[in-house]
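Q: All I have is the shape, not the residue letters:
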């Protein structure tokens, strides 16, 4: 069995521009590998097959079958980049492990396939705020009820609550976007 040099393990790296993202965002993965080498990408996580899935269609990856992996080729400088589109994948929020390997080996076979690989944990969370475009009409318009009370000992002053200030700022942003 051919053993890969330890220096290659150090040269094979996976880095994400961001380690946490909102589901639907694009996550840029970058790394280094020997120039011209194909890098096999897949990920594992909640409710996914144990061996991993490709980054595009969530199809299970299979050891020895390169077409089941998402692939990218390292450039002449040994660097590679992949933009992982998380929109429409249908995965749950959670922490996922992205694998970059020099061989088409599923998670369970990485140790026995003599593969050189690197991993990165990426936390994907639900979006906190979704803004519809100006052409879409919301199904229900939320209403805010504000009640004023007077305190006789103190002069009446009004300070907008953070929720109202945020709603006003959001309405201003939406109004500026309209033609």
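A: Okay, I see it. All of these numbers come straight from a predicted model, not from anything done at the bench.

Q: what about the strands in this protein?
A: Ranges of strands in the chain, per DSSP state E, are 13-16, 20-22, 26-32, 38-44, 70-73, 79-85, 94-101, 117-125.

Q: Does the third one pack against any helices or strands, and if so which?
A: On a contact count with 3 or more CB pairs under 8 Å, 6 or more residues apart in numbering; DSSP states H and E, strand 26-32 meets strand 13-16, strand 79-85, strand 94-101, strand 117-125. Just so you know, the C-beta spots here come from the backbone N, C-alpha and C atoms, and that holds for glycine as well.

Q: Which secondary structure elements does the last one sit against?
A: Here strand 117-125 touches strand 13-16, strand 20-22, strand 26-32, strand 94-101, going by 3+ CB pairs under 8 Å, 6+ apart.

Q: These: which one's closest to residue 60?
A: Comparing the helices and strands packed on strand 117-125 against residue 60 with CB to CB, the closest turns out to be strand 94-101 (13.5 Å).

Q: and that closest one, which strands flank it?
A: Applying DSSP bridges to the sheet, strand 94-101 is found paired with strand 38-44 (antiparallel), strand 117-125 (antiparallel).

Q: Please identify the deepest-packed of those.
A: Among the strands paired with strand 94-101, ranked by average contacts under mean count of other CB atoms under 10 Å, first place goes to strand 38-44 (a mean of 22).
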